[in-house]
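[1] Quick one: sequence and predicted model below, then my questions.
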Amino acid sequence: MFLLDDTPNTLGYMLLGYAVLLGFPILYVVSWVVRRSGLKRELDLLKTMLAEKDAARKTGKP
Amino acid sequence: MSQTSRRLVILNVITVVLMAAALALVFLYAPRERQMGEVQRIFYFHVPSAWVGFLAFFVTLCMSIAFLRTGDLKWDKVSAASVEVGLVFTVMAIVSGSIWARPAWNTWWTWDPRLTTYTILALIYVAYLMLRQGVEDPGRRARFASVYGIVGFISVPLTFFSIRWWRTIHPVVIGNATATSIGGFDMTPPMLQVFFFSLFAFTVLYFCFLANRLQLQREMDQVEQLKAEAMAD
């Protein structure tokens, strides 16, 4: 009787807790990746636009 | 690769190694607590999350003061980045605490002084980010946000001491718990070692996140600058 393990089985809660504790930072990092890829697209577009404007100015075309 | 990028990569690698080591210690080295069972292991990441939240908001306080003294927008950018990172850890602490509370207190949520003050703290810093979104002019935005960042910090010591000042069921990690606290436990030396290692790993994780967030901010500024150039032409 005294040898019975009376510790409650709370494994499910622990797994859920660590899913949150590891999932949140991972999601945050993923949000940076998404934001960064959006910025890169925007940056490339702006650079192309500015280069085209420069080229047009040099050739005198509007 | 620039020197800044190289440093950032090194910091990222160190952080991943530290977090992996912390996880290994939590699951392979720390003993199982007898009263609560496996769910007690949440404690090793829950408390450091809350600590990092407080640290992030303290950094915001310091950066806000630095901005108001110097007027340099770089301090304001650190301040905003720190709030964003701090909120991630604060939400992690709230949700993981709620999951721990279900088997320990037999409820997902209760309006205990710690839980209430901590929720108010989170909402105060959500409002900080909303305030920033609402002001267009960068100088004005930085001034408003800095004053708010200083005043809002009052919620941090209030939250920290809530479990020492008022009757609460939330356990106290450092110091003596109140008679009403439920779910507290005496930490054995291996538990203490794992706890302090996790605390250290999370502190490094905070600085890693902050550095990466600031790098993203620099890229956002670069895009904004190019947009202004394109508009000016």
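    That came in fine, so what should we check first? Residues are numbered from 1 along each chain as shown, chains lettered A, B, ... in the order given.
[2] Do a quick rundown of the helices in chain B.
    Shown for chain B, the helices assigned by DSSP state H span residues B:3-24, B:43-70, B:73-105, B:113-134, B:138-152, B:155-165, B:189-232.
[3] packing partners for the last one?
    Pointing back at helix B:189-232 there. Applying 3 or more C-beta pairs under 8 Å, 6 or more residues apart in numbering or on different chains; DSSP states H and E, one finds that helix B:189-232 contacts helix A:11-59, helix B:3-24, helix B:43-70, helix B:73-105. Every residue, glycine included, has its C-beta placed from N, CA and C.
[4] Go through those and name the closest to B:Q133.
    helix B:73-105 (10.6 Å; C-beta to C-beta).
[5] at contact distance from chain A, anything in that closest one?
    Yes - interface with chain A: helix B:73-105 contributes B:85, B:88, B:91-92, B:95-96, B:99-100, B:102-103 (C-beta under 8 Å from any C-beta of the partner chain).
[6] who wins for most neighbours among these?
    Using other C-beta atoms under 10 Å in any protein chain shown as the neighbour criterion, B:V85 leads the residues of helix B:73-105 next to chain A with 28 neighbours.
[7] ok, and the closest non-adjacent residue to it?
    In this structure, B:V85 finds its nearest non-sequential neighbour in B:F209, 4.6 Å apart by C-beta to C-beta, 6 or more residues apart in numbering or on different chains.
[8] Within range of chain B, give me the residues from chain A.
    Contact residues (C-beta under 8 Å from any C-beta) of chain A with chain B: A:7-11, A:13-14, A:16-18, A:20-21, A:24-25, A:28-29, A:32, A:35-36, A:39, A:42-43, A:46-47, A:49-50, A:53.
[9] center of chain B - which residue?
    Centroid-nearest residue in chain B: B:G53, 1.9 Å away (criterion: C-alpha atoms, centre = their mean).
[10] meant to ask about chain A
    Note: chain A centre (C-alpha atoms, centre = their mean) maps to A:V30, 1.9 Å.
[11] Near residue 43, how many other residues are there?
    In the absence of a named chain, chain A is used. Neighbour tally, A:L43, other C-beta under 10 Å: 16.
[12] I was after chain B.
    Counted with other C-beta under 10 Å, residues neighbouring B:F43 total 26.
[13] With B:R34 instead?
    B:R34 has 12 neighbours, counted by other C-beta under 10 Å.
[14] B:V151 now?
    Count around B:V151 with other C-beta under 10 Å applied: 12.
[15] picking that back up, is the residue nearest to B:V85 in contact with B:M92, as I believe?
    No - using C-beta atoms under 8 Å, B:F209 is not in contact with B:M92, being 11.8 Å away.
[16] what's the closest of the helices and strands packed on helix B:189-232 to B:Q225?
    B:Q225 sits nearest to helix A:11-59 of all the helices and strands packed on helix B:189-232, at 9.4 Å, using C-beta to C-beta.
[17] on contacts alone, who are the packing partners of that closest one?
    Packed against helix A:11-59 by the contact rule (3+ C-beta pairs under 8 Å, 6+ apart) you find helix B:43-70, helix B:73-105, helix B:189-232.
[18] Tell me where the model's unsure across chain B.
    Within chain B, the stretches with pLDDT under 70 are B:1, B:174-181, B:183, B:233.
[19] could you redo the last one with a cut-off of 80?
    Within chain B, the stretches with pLDDT under 80 are B:1-4, B:173-186, B:231-233.
[20] distance of B:D76 from chain A?
    Using C-beta to the nearest C-beta, to the nearest Å, we find B:D76 at a distance of 19 Å from chain A.
[21] pretty sure that residue contacts B:A142?
    Yes - the pair B:D76 and B:A142 passes the contact test of C-beta under 8 Å, sitting 3.7 Å apart.
[22] what touches both of the two?
    By C-beta atoms under 8 Å, 6 or more residues apart in numbering or on different chains, B:D76 and B:A142 have these common neighbours: B:F67.
[23] what about the residue lying closest to B:R143 once chain neighbours are set aside, neighbour count?
    Using C-beta to C-beta, 6+ apart and skipping the chain neighbours, the partner closest in space to B:R143 is B:L68 (7.4 Å). Using other C-beta under 10 Å, B:L68 has 16 neighbouring residues.
[24] Contacts only, for B:L68.
    B:143, B:146-147, B:150.
[25] of the residues you listed, buried ones?
    Among those, those classed as buried by 16 or more other C-beta atoms under 10 Å in any protein chain shown are B:143, B:146, B:150.
[26] Residue 56: how many residues sit nearby?
    Picking chain A for this. Using other C-beta under 10 Å, the number of residues around A:A56 comes to 12.
[27] ah, I was thinking of chain B
    Neighbours around B:A56, by other C-beta under 10 Å: 25.
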